[in-house]
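K.L.:
Okay, structure incoming, though there's no sequence with it:
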């Protein structure tokens, strides 16, 4: 559970929850709600937009290559059957 400040976004939807926080979905569920964008409300159109948001929020200083690597990693997390 994360506060809106921790996520660098407004509290509109968090204010509607009993804990006043956002619940971060597990990465395995990344592809369950992609219609309309990423995040709880679809505010980010692409995974790169999400990475750029956190890169700015946390002053990570990621290079374009590092951002691309993160996006490619996230894209690899599709629903793959485990042995």
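P.N.:
In hand now; what should we look at? The model shown is predicted, which means the values in this text are computed figures rather than measured ones.
K.L.:
from what I can see residue 14 touches residue 20, true?
P.N.:
Yes: taking Cβ atoms under 8 Å as the definition, residue 14 is a contact partner of residue 20 at 5.5 Å. Where C-beta positions appear, they are placed from N, C-alpha and C, glycine not excepted.
K.L.:
For the chain, which segments count as helices?
P.N.:
Using DSSP state H, the helices of the chain run over 4-7, 47-57, 64-75.
K.L.:
residue contacts, residue 44?
P.N.:
37, 38, 50, 53 (Cβ atoms under 8 Å, 6 or more residues apart in numbering).
K.L.:
ok so, going back, so for residue 14 and residue 20, which sits in the more crowded spot?
P.N.:
Remark: of residue 14 and residue 20, residue 14 carries more neighbours, 20 against 12, as counted by other Cβ atoms under 10 Å.
K.L.:
Per-residue pLDDT of that one, please?
P.N.:
We have a pLDDT of 72 for residue 14.
K.L.:
OK, contacts around it?
P.N.:
Residues in contact with residue 14 (Cβ under 8 Å, 6+ apart) are 3, 4, 20, 21, 22.
K.L.:
if we can go back for a sec, may I see the helices of the chain organised as a markdown table, with mean pLDDT, distance to residue 30 and mean neighbour count added?
P.N.:
Compiled in a markdown table, these are given as follows (pLDDT from 0 to 100; distance: least, Cβ to Cβ, whole Å; neighbours: other Cβ atoms under 10 Å):
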| stretch | mean pLDDT | distance to residue 30 | mean neighbour count |
| --- | --- | --- | --- |
| helix 4-7 | 75 | 16 | 14 |
| helix 47-57 | 94 | 8 | 16 |
| helix 64-75 | 94 | 6 | 13 |
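K.L.:
Relative to the whole chain's centre, how far out is stretch 64-81?
P.N.:
Mean-position distance between stretch 64-81 and its chain equals 12 Å (Cα atoms, centre = their mean, to the nearest Å).
K.L.:
What of stretch 18-31?
P.N.:
Counting by Cα atoms, centre = their mean, stretch 18-31 comes out at 9 Å from the chain centroid.
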